[in-house]
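Peer 1: Kindly generate the corresponding structure for this input.
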Amino acid sequence: MGVLNVTPDSFSDGGRFLDHASAVARGRAMIAEGACIVDVGGESTRPGAVAVGEDEEMARVIPVIEALATDSAVAAGSVRISVDTRHAAVAVAAVAVGATIVNDVSAGLHEVAADLGVGWVAMHMRGDPRTMQDEPVYDDVVAEVRDFLVERATEAVAAGVPEVWIDPGIGFGKTAAHNLALVRHVDVLVASGWPVAIGVSRKRFLGELTGRSDQGGGEGSDTPTPPDDRAEASVAMAVWGFAYGVRIVRAHDVRATVGAARVAG
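Peer 2: This is a model prediction of the structure:
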């Protein structure tokens with residue numbers, strides 16, 4: 001799942017694809033690089049991000065989705081478009097122009113997905129982007145996230161959603177230790193029987209890990225590497241996920257991730 005942020009403020013590539021032509025070109029490039037899904041989002045959900053109005057979000061993503069829907073691979077059904085949103089109106093508008101998956105960080109749009117007859121990714125998040133990193137605490141992060149997602153997935157199928165994936169929400173209301181526990185025990189999520197999606201690409205906890213490695217683990221080694229210097233760690237996490245049965249991996253570095261997955265497979 002290639003990440004296409006049509007935003008000015010996403011943590012990794014905010015502003016690079018805010019322009020319509022740049023966004024469409026990047027989406028088509030990801031298809032050429034081997035993405036099976038292009039995930040188009042118009043609202044940053046990085047920690048501390050300010051909410052975007054539905055009209056602004058739609059103005060960013062709908063023309064891009066509509067343009068990508070004309071790509072031959074999308075028209076043939078070999079590549080799909082997902083909309084990364086937590087707003088029902090945006091999901092409805094996106095599906096109307098070609099999206100077939102709602103990637104839902106709120107895990108609250110299953111009835112919308114059921115009404116539209118499209119796939120739905122339910123993600124775990126504590127609070128909202130403004131508050132989610134305010135001292136998140138869990139007794140057992142793996143069990144709590146799994147139980148929450150299984151409950152939502154079960155509700156979605158009962159409502160009539162035709163395809164459901166569960167996403168542990170790496171970096172959404174979790175410390176670095178929580179993130180690592182979820183990745184380390186992703187097999188527990190897979191064992192739930194629901195198809196699993198994960199988004200680890202370029203996340204801050206990977207920057208912290210690579211920062212320690214680059215600086216030898218000494219004083220000040222917790223300084224994270226910048227997002228565009230986390231490709232190797234992102235690819236490693238993607239391959240780990242695929243090896244344990246993860247079905248969808250969100251990636252900024254599509255070509256590298258697809259190549260690694262093919263070699264590992």
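
Peer 1: Test my guess that Pro227 contacts Ser201.
Peer 2: No. Assessed by Cβ atoms under 8 Å, Pro227 is found out of contact with Ser201, at 9.2 Å. Yep, even glycine has a C-beta here, placed from its N, CA and C like the rest.

Peer 1: if you count what's nearby, which of the two comes out ahead?
Peer 2: Ranked by neighbour count (other Cβ atoms under 10 Å), Pro227 and Ser201 place Ser201 first, with 26 against 20.

Peer 1: confidence score at Ser221?
Peer 2: Note on Ser221: pLDDT of 54.

Peer 1: How is Ala75 assigned, secondary-structure-wise?
Peer 2: When classified by DSSP: H, G, I helix; E, B strand; the rest coil, Ala75 comes out as helix.

Peer 1: which residues sit in contact with the residue nearest to it when sequence neighbours are not counted?
Peer 2: Of all residues not flanking Ala75 in the chain, Ala69 sits nearest, at 7.3 Å (Cβ to Cβ, 6 or more residues apart in numbering). Taking Cβ atoms under 8 Å, 6 or more residues apart in numbering, we find Ala69 in contact with Ala75, Ile81, Val97, Gly98.

Peer 1: neighbours around the nearest residue to the third one once chain neighbours are set aside, how many?
Peer 2: It stands for Val97. For Val97, ignoring the flanking residues on the chain, the nearest one in space by Cβ to Cβ, 6+ apart is Glu66 at 4.1 Å. Residues near Glu66, counting by other Cβ under 10 Å, number 17.

Peer 1: next one: Ala264
Peer 2: 12.

Peer 1: which ones are touching it?
Peer 2: Per Cβ under 8 Å, 6+ apart, neighbours of Ala264: Val239, Phe242, Ala243.

Peer 1: before we move on, back to that, give me the pLDDT value at the residue nearest to Val97.
Peer 2: At Glu66, pLDDT is 98.

Peer 1: doesn't it fall inside a helix?
Peer 2: Yes. Under three-state DSSP, Glu66 falls within a helix.
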